[in-house]
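> Provide a 3D model corresponding to the input given below.
(one chain, ligands or ions: 1)
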Amino acid sequence: MKKAFKTLALILAAIMVVMSFASCGGTATADPSAANDTTAAIAETSPAIADGILTVGTNAAFPPFEYAGDDGKPDGFDIALIKLIGEKIGVEVVIEDLEFSSLVTSIGNKIDAAIAGMTITEERLQTVDFSTSYYEAMQYVIVKKDNSDITTADDLKGKTIGTQLGTTGEFLAEDDIENANVKTYDKAIDAVNDLRNGRVDAVIIDRNPASVFVGQYPDELKIAETVVFDPEEYGIALPKGDAALKTAVDNALAEIKASGEFDALVEQYINN
Ligand code: GLN
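Numbering: from 1, shown residues only. Next up, the predicted model:
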């Protein structure tokens, strides 16, 4: 029933979009809801969300982007963002909490998309498409607070480095740091705990989670601030070739950025 109403609403929206284009010769209308209707109409043609549900994978262990909320359900910046995108494109968003390293290969079978502070990389682009980027990130190095011998990337040579499995932090440690002994963990916090216990010399992880984890143990840990790597961009991973879904998600993202809703989420979840 609910679905029938929604389908009807979407069909009406699509008709209105077509009529508004017809009546103004294809130029944009002044109606602020028109973008939503267009986006929803485009989304209607996506095979992934033909059932009206966008099933989105995440790994709720990467604060402030995703973590288990007070009720145990995934919460965080990414979760709020994808729910807002779902509203704009007219689908119900269902979140699935999975291992980070399984997200890319689960798209198209277990899940329709993934939002997980995921860096857009050439390698991942072989398997999935990405939305336009929504956040700039960077790998940070966490060390013990009293550590004074890791101050440059070169100082990481030959060290034991903790990383989260399947992340750009792991690839950086393996590919760019000579003779590194890279230990991988399913959850970033386990790498952080091994640093506290002295089992690894450093942890390489994205900037914002690094700040959250160091903030949890300010007497024990610090960020090696002089060690700097290249910037990365986060995107929402989408099924390869589903152009309608990509267009709808990109439109929704652009709208959320233009309206100030994006900045409000940054304030609520990241800058607080
Ligand atoms: N940005 C990193 C990556 O894409 C880490 C993401 C994560 O651990 N959730 O690999």
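> Just checking: what are the partner strands of the strand ranked longest in the chain?
If you go by DSSP state E, the chain has its longest strand at strand 135-144. Within its sheet, strand 135-144 is paired with strand 202-206 (antiparallel), strand 221-223 (antiparallel), strand 231-234 (antiparallel), according to DSSP bridges.
> What sits closest to the residue of the stretch 1-150 of the chain found nearest the ligand if chain neighbours are left out?
Nearest to the ligand in the stretch 1-150 of the chain, going by C-beta to the nearest ligand atom, is Thr119, at a distance of 3.6 Å. To be clear about C-beta, it is placed using only N, CA and C from the backbone, and glycine gets the same treatment. Closest residue in space to Thr119, ignoring its immediate chain neighbours: Glu232 at 4.2 Å, by C-beta to C-beta, 6 or more residues apart in numbering.
> What count of nearby residues applies to that neighbour?
Neighbour count for Glu232, taken as other C-beta atoms under 10 Å: 22.
> pLDDT score assigned to it?
Glu232 carries a pLDDT value of 98.
> who are the neighbours in contact with it?
Thr119, Ile120, Glu136, Ala137, Met138, Gln139, Thr168, Asp206 (C-beta atoms under 8 Å, 6 or more residues apart in numbering).
> What's opposite it in the beta bridge?
Beta bridges link Glu232 to Ala137, judged by DSSP bridges.
> Also the one 5 residues further on?
With DSSP bridges applied, Ala237 shows beta-bridge pairing to Ala114, Phe130.
> Assess the claim that it and Ala114 are in contact.
Yes - counting by C-beta atoms under 8 Å, Ala237 touches Ala114, with 4.3 Å between them.
> Give me the common contacts of these two.
The contact lists of Ala237 and Ala114 share Leu103, Val104, Ile107, Val128, where a contact means C-beta under 8 Å, 6+ apart.
> and the third one, how far is that from Asn193?
Read that as Ile107. 30 Å (C-beta to C-beta, to the nearest Å).
> if we can go back for a sec, just put the shared contacts of Ala237 and Ala114 in CSV and tack on distance to Pro218, neighbour count and pLDDT.
Output for the shared contacts of Ala237 and Ala114, formatted as CSV (distance: C-beta to C-beta, whole Å; neighbours: other C-beta atoms under 10 Å; pLDDT from 0 to 100):
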residue, distance to Pro218, neighbour count, pLDDT
Leu103, 31, 25, 98
Val104, 34, 20, 98
Ile107, 37, 24, 97
Val128, 37, 23, 98
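> Take these and keep only those in helices.
Leu103, Val104 (DSSP state H).
> Please work out which of the strands paired with strand 135-144 is packed deepest.
Stretch with highest mean neighbour count among these: strand 202-206 (a mean of 27; mean count of other C-beta atoms under 10 Å).
> which strands and helices sit next to whichever helix or strand comes after it?
Where DSSP states H and E defines the elements, the next helix or strand beyond strand 202-206 is helix 207-216. Where contact means 3 or more C-beta pairs under 8 Å, 6 or more residues apart in numbering; DSSP states H and E, helix 207-216 is packed against strand 135-144, helix 188-196, strand 202-206, strand 221-223.
> average pLDDT across the shortest one?
Put plainly, it is strand 221-223. 98.
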